[in-house]
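Asks: Got a sequence here, can you build the structure:
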Amino acid sequence: MAARKKITNDSYFERVESLLAEGKVVKIPVKGTSMLPSLKEGDHVLLNTTDMREMKWGTIVLALYRGGYILHRLVGRKGDILELAGDNNWVQIERVERDAVIGMVTEAYRGTELLRIYSTGSMQRAWLRYKFKPLLRVWGGLINKLNLKR
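Replies: You can find the predicted model right below:
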């Protein structure tokens with residue numbers, strides 16, 4: 001069996017960006033926990049090129065942010081500045097220029113199961129998680145304090 005070649009994150013995403021620029025759909029694995037419960041590590045997403053007219057609240061995008069790459073949900077827009085947030089991120093909102101967006105998630109899979117990331121129910125849950133983040137932070141802090149006392 002041939003050994004797997006390791007490449008840098010930058011090289012990987014440069015290739016993803018190049019394929020998207022050619023009009024191809026690109027499948028990438030999800031890493032990290034910032035999009036839980038919608039997406040978890042090991043899921044795969046299909047990326048397509050983005051069109052500002054297609055991007056609306058809740059669209060999940062791959063963007064360049066502070067020298068790294070994030071796969072987060074669009075939660076706001078002020079001109080050409082987009083506000084992104086992970087579903088599991090209770091505090092941070094990333095602000096990026098429109099040009100920092102590499103691609104838009106069109107489908108997601110957990111194994112062979114198609115995830116309904118843009119269904120009405122999924123979008124409503126994402127909206128509720130985002131709008132109630134301050135309350136969830138307080139609630140999470142209380143739960144952590146109670147757990148520490150045990």
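Asks: I'd like to know which elements the helix or strand containing Ile102 is packed against.
Replies: Using DSSP states H and E, Ile102 sits in strand 101-110. If you count contacts as 3 or more C-beta pairs under 8 Å, 6 or more residues apart in numbering; DSSP states H and E, strand 101-110 packs onto helix 9-21, strand 44-48, strand 60-65, strand 113-115. For every residue, glycine as well, the C-beta is placed using N, CA and C.
Asks: what sits up against it?
Replies: Strand 101-110 has contacts (C-beta atoms under 8 Å, 6 or more residues apart in numbering) with 13, 16-17, 20, 25-26, 30, 38-40, 42-50, 54-55, 59-64, 69, 71, 82, 114-115, 117.
Asks: Can you tell me the strand partners of it and which way each runs?
Replies: Neighbouring strands of strand 101-110 in its sheet, by DSSP bridges, are strand 44-48 (antiparallel), strand 60-65 (antiparallel), strand 113-115 (antiparallel).
Asks: Most tightly packed of these?
Replies: Among the strands paired with strand 101-110, strand 60-65 has the highest mean neighbour count (mean count of other C-beta atoms under 10 Å), at a mean of 20.
Asks: Quick check: mean pLDDT of the helix or strand following it?
Replies: Tracing the chain past strand 60-65, the next element assigned as helix or strand by DSSP H and E is strand 68-78. Strand 68-78 shows a mean pLDDT of 94.
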